[in-house]
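Participant: okay, predicted coordinates and the sequence, questions at the end:
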Amino acid sequence: MTILGIETSCDDTAVAVLDISPDEITVRANVVSSQVTIHAPHGGVVPNLAAREHEKNLGHVLELTLQEAKMSEIDLIAVTRGPGLAPALWVGLNFAKALAKEFQKPIIGVNHMEGHIYSNWLKPVGENSKSEIRNPEFPILNLIVSGGHTELVLMRDHSKYELIGETKDDAVGEAFDKIARLLGLGYPGGPLLEELAAGGNSSRYPLPRPMLHSKDFNFSYAGLKTAALYLLRDLEKDGPSPRPGQYHISDQQKSDIASSFQKAAIEPLVQKTIRAAREFKVNAVYLSGGVSANKSLREGLEHAAKEIGLAYSQPLLEYTGDNAAMIALAGYFNYQRFGATELETLEADANLKW
Ligand code: KG4
Ligand code: ZN
């Protein structure tokens, strides 16, 4: 079965083609057109600008993807229907619906977060994977960390999910982006902050780990963000009103703040995931979402999961960010379980839940 995936929930215009046979999955093409340079001057994603760019680029990205996949026949269209930015989601959804109508193909709406989970099973473009995916090690505990979400999701089977913890305020990726901005780094700040942190001393500045010891499996990042802001203010020598990138602190201090922040942000993720893994007696821990590109998080969680004898998985780096291959794969399993979505009832839902 050949599946066309379409993803436009945020600032990446993404289209992919996936081939699934009874025991193999192959990504035929995976094209992502990033809008980062458009949004960077605004310090964050502007929803209407994102929608306009998706409109402009989708046709071309589809063409490129089909060329690269060397395929013209598809059997199913999978499209992200939420959560995400409403204007951006609608562009992808309407595009997918028009294709489904014109070519008389079944369509399925996919939860973006579910897509991130499935990114764990994707192999490099063109590489066949004898798929362990048909009999994975359920139950799996998923830590999904992105710019908009920080969630612990228990997966007992394909397409069966239970949300067991989430952030009560900011998402961890959002916190990375905000601190990066305060330190005068570019946008998106996560990868830049990680780079800066590499040369720093993570124990130099004590920063809080909110909710680390709470009995539930929730997270909080607003307090850590504020603490980092106050720390910067205290360290600043000239002038009382800080503006992004205008702190008069040394480069070493900046690195040490980045490193101390990164450690404080990751510790609750690892500790709570492991505690939940024990409590729910899972067989495996899977990491996903944009922040799963972070090396300290990857290494920290892998080490902690393996230490208690659990299987561990993380997406290949090329699939940590938003892409349409993950949407196509999640769409396939939803289609197996629930069948196609009715074209007329398919709508975007910016706040789609599990
Ligand atoms: O999943 P994603 O691409 O888009 C959303 O659905 O939100 O996640 C983007 C987020 C951004 O906040 C970005 O700064 C963060 O992932 N991110 C990172 C790293 N790479 C991306 N955060 C920390 N370390 C990284 N290496
Ligand atoms: Zn995402």
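Facilitator: Good, I have the coordinates. As the structure is a prediction and not an experimental result, all values here were calculated from the model. Ligands and ions are numbered 1, 2, ... in the order given.
Participant: got the residues of this structure near ligand 1?
Facilitator: Counting by C-beta under 6 Å from any ligand atom, the positions of the chain adjacent to ligand 1 are 10, 146-148, 173-174, 176-177, 188-191, 194, 289-291, 293-294, 321-322. C-beta: built from backbone N, CA, C; applies to glycine.
Participant: which of the residues you listed fall within helices?
Facilitator: Secondary structure assignment (DSSP state H) places Gly173, Glu174, Phe176, Asp177, Gly189, Gly190, Pro191, Glu194 from those within helices.
Participant: does the third one really touch Ile266, like I thought?
Facilitator: Meaning Phe176. No - using C-beta atoms under 8 Å, Phe176 is not in contact with Ile266; the gap is 10.2 Å.
Participant: more neighbours: which of the two?
Facilitator: Phe176 (31 against 22; other C-beta atoms under 10 Å).
Participant: leaving out sequence neighbours, find the closest residue to the more buried one.
Facilitator: Leaving aside its sequence neighbours, Phe176 sits nearest to Gly190 (C-beta to C-beta, 6 or more residues apart in numbering; 4.1 Å).
Participant: ok, that neighbour touching Ser296?
Facilitator: No - Gly190 is beyond contact range of Ser296, at 11.7 Å (criterion: C-beta under 8 Å).
Participant: ok, those two, which is more surrounded?
Facilitator: Using other C-beta under 10 Å, the more surrounded residue of Gly190 and Ser296 is Gly190, with 25 against 17.
Participant: got the contact list for the more buried one?
Facilitator: Applying C-beta atoms under 8 Å, 6 or more residues apart in numbering to Gly190 gives the contacts Gly147, Gly173, Phe176, Asp177, Ala180, Gly290, Val291, Ala293, Asn294.
Participant: could you single out the nearest of those residues to Ile77?
Facilitator: Gly290 (24.4 Å; C-beta to C-beta).
Participant: OK, contacts around the most centrally placed residue in the chain?
Facilitator: Nearest to the geometric centre of the chain sits Gly289, at 2.4 Å (C-alpha atoms, centre = their mean). Contact analysis of Gly289 by C-beta under 8 Å, 6+ apart lists Met113, His116, Ile144, Val145, Ser146, His149, Gly173, Thr320.
Participant: check what pLDDT the first one gets.
Facilitator: According to the prediction, Met113 has pLDDT 98.
Participant: does the residue nearest to it when sequence neighbours are not counted belong to a helix, a strand or coil?
Facilitator: Leaving aside its sequence neighbours, Met113 sits nearest to Ile144 (C-beta to C-beta, 6+ apart; 5.6 Å). Three-state assignment for Ile144 (DSSP: H, G, I helix; E, B strand; the rest coil): strand.
Participant: what pairs with Ile144 across the strands?
Facilitator: On the basis of DSSP bridges, Ile144 is bridged to Glu151, Ser288.
Participant: picking up where we left off before, just among the ones in helices among the residues of the chain next to ligand 1, which is most surrounded?
Facilitator: Neighbour counts for these, by other C-beta under 10 Å, peak at Phe176, which reaches 31 neighbours.
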